[in-house]
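[1] sharing a model that was predicted from the sequence below.
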Amino acid sequence: MALLGYGCKETAKSSMWSDPICMNPKNGTTEIVHLWNWTEDAHPIHLHLISFLILGRYEISEFDKYYDGNNPTTTGVQKLTELLPYEYLKDTATAYPKTVTQLLVTFDRPGLYVLHCHILSHEDNEMMLPFCVGKPGVDCPIDLFSGEQNACPKQAKK
């Protein structure tokens with residue numbers, strides 16, 4: 001089973017529930033988050049206690065050519081779908097097959113959270129990742145961040 005990961009195609013790695021936390025946004029920030037789905041299946045991905053807007057969906061093959069850690073809409077990648085007039089804040093987004101789903105996420109509550117697939121058999125097989133909003137050791141247990149030095153994918157430089 002494919003597991004969740006983040007980063008670009010060359011740097012993302014499949015992550016297990018027990019791996020060190022890599023996603024650690026500061027409390028009070030709004031960030032762009034990319035959900036990469038390399039599988040042949042759609043996955044309804046839920047972020048606990050977090051609201052977001054879906055900015056767009058892109059074919060992985062096109063998105064990855066232009067992705068450098070910035071917003072690819074400024075580099076010529078065409079969206080697969082446009083925002084619909086009824087788009088609103090969500091807590092679950094469908095990650096379509098072979099697609100990158102781009103989210104605008106506001107992290108406004110410090111603490112330990114999880115993002116996971118809402119298909120129960122996928123969740124039961126570790127298609128989920130913990131993430132910490134805020135300061136490690138203050139808002140989340142510090143031992144969740146320990147592990148290999150290179151356990152987390154490196155983000156591309158701007």
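    Thanks, I have the structure now. Numbers count the residues shown, from 1 in each chain.
[2] all contacts plus neighbour counts: C-alpha atoms, from now on.
    Noted.
[3] strand partners (parallel or antiparallel) of the host helix or strand of residue 105?
    Using DSSP states H and E, residue 105 maps to strand 99-107. With DSSP bridges as the test, strand 99-107 is paired with strand 29-37 (antiparallel), strand 51-59 (antiparallel).
[4] and the helix or strand just after it, which strands flank it?
    Following strand 99-107 in sequence order, the next helix or strand is strand 111-117 (DSSP H and E). Strands that pair with strand 111-117, judged by DSSP bridges, come out as strand 43-47 (antiparallel), strand 128-133 (antiparallel).
[5] looking at the ones you listed, which is buried most?
    strand 128-133 (a mean of 23; mean count of other C-alpha atoms under 10 Å).
[6] any chance of the strands paired with strand 111-117 in a markdown table, with distance to residue 108 and mean pLDDT too?
    Converted to a markdown table, the strands paired with strand 111-117 look like this (distance: least, C-alpha to C-alpha, whole Å; pLDDT from 0 to 100):
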| stretch | distance to residue 108 | mean pLDDT |
| --- | --- | --- |
| strand 43-47 | 13 | 92 |
| strand 128-133 | 8 | 88 |
